[in-house]
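Chemist: sequence and computational prediction follow.
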Amino acid sequence: MVDMASNKERVLVILPTYNEADNVLALTEQVLAQAELIEVLVVDDNSPDGTADLVLSASKTESRLHLLKRPGKLGLGTAYLAGFRHGLDHGFGRIFTMDCDFSHNPRYLPTMLEAMEQYDVVVGSRYVPGGGVENWPWPRRLLSRFANFYARTLLRLEIRDCTAGFRGYSREVLESVDPFVIRSSGYSFLEEMAWRVTRCGFTMGEIPIIFEQRKAGSSKIESSEIYLAALYVLATVLRPPQLPPRKQSHSNGSERAPR
């Protein structure tokens, strides 16, 4: 468990779920074990497998576990936004997003929290030295690599993993970049968020992670979503959204976290 005695900011981890009954309780237990200041919000899209019921029952004895149940499958981007709104409204200083299928291992959270002393946004990255993926077929690896190269080049981003969903945001970032106007979802939401963070003058750092295959259940992301994200990237370049005024450096320290 990470020592956060010198930093009293509460941390919220957002877990979007749809049919994750086989994973959700085991994962939340591991996330909460990483630091006493961490709380978990499960944003469930009315999973027919009873995911929300499991979380609701567990939350009666675990005060750091919370549930936001939505009426239907509304998409990953809106799940993030609902979690951001909850985190801001309830006074959290740092807000993380991660997958609920163990592809993002909670063991990386302490390192990412430490890196947030130096960066405004920290990304759990597959594509920096020390990072990688497990058990992906080569077509999926190639498609992911190309999608990140494409987004990084057109959006002029420094981070290598533009589609990573394992991220930590400072409260100031979410209050400043206006994510609630983003209409895209999935990978395109993540890419536009990285673009907004960078264009508004905030700093982003990457921590290497190994992206693992889900432990149970089936993937909710389709390959077609990558192609849709490519169109959103192009639209962002050709017709950039209106942004708040660019900030000066918001880095929390002079040293840089591992890249």
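Modeler: Perfect, I can see it now.
Chemist: only C-alpha atoms from now on, for both contacts and neighbour counts.
Modeler: Fine.
Chemist: how about the strands in this protein?
Modeler: Along the chain, counting by DSSP state E, strands occupy 11-17, 38-44, 65-69, 94-97, 121-125, 132-133, 167-170, 204-208, 210-211.
Chemist: any low-confidence regions in the stretch 151-259 of the chain?
Modeler: 214-224, 226, 246-259 (pLDDT under 70).
Chemist: please repeat the previous calculation with a cut-off of 50.
Modeler: Scanning the stretch 151-259 of the chain for pLDDT under 50 picks out 220, 253-259.
Chemist: possible to save the strands of the chain as a markdown table with mean neighbour count and distance to residue 77?
Modeler: A markdown table is the format used below for those (neighbours: other Cα atoms under 10 Å; distance: least, Cα to Cα, whole Å):
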| stretch | mean neighbour count | distance to residue 77 |
| --- | --- | --- |
| strand 11-17 | 26 | 9 |
| strand 38-44 | 23 | 11 |
| strand 65-69 | 19 | 15 |
| strand 94-97 | 26 | 11 |
| strand 121-125 | 28 | 17 |
| strand 132-133 | 14 | 23 |
| strand 167-170 | 24 | 14 |
| strand 204-208 | 24 | 20 |
| strand 210-211 | 20 | 20 |
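Chemist: rebuild those as JSON lines, extending it with distance to residue 186.
Modeler: Output for the strands of the chain, formatted as JSON lines (distance: least, Cα to Cα, whole Å):
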{"stretch": "strand 11-17", "distance to residue 186": "11"}
{"stretch": "strand 38-44", "distance to residue 186": "15"}
{"stretch": "strand 65-69", "distance to residue 186": "19"}
{"stretch": "strand 94-97", "distance to residue 186": "12"}
{"stretch": "strand 121-125", "distance to residue 186": "16"}
{"stretch": "strand 132-133", "distance to residue 186": "19"}
{"stretch": "strand 167-170", "distance to residue 186": "14"}
{"stretch": "strand 204-208", "distance to residue 186": "20"}
{"stretch": "strand 210-211", "distance to residue 186": "17"}
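Chemist: for residue 116, which non-adjacent residue is closest in space?
Modeler: Take residue 116 and drop its neighbours on the chain: the residue closest to it by Cα to Cα, 6 or more residues apart in numbering is residue 122, 6.3 Å away.
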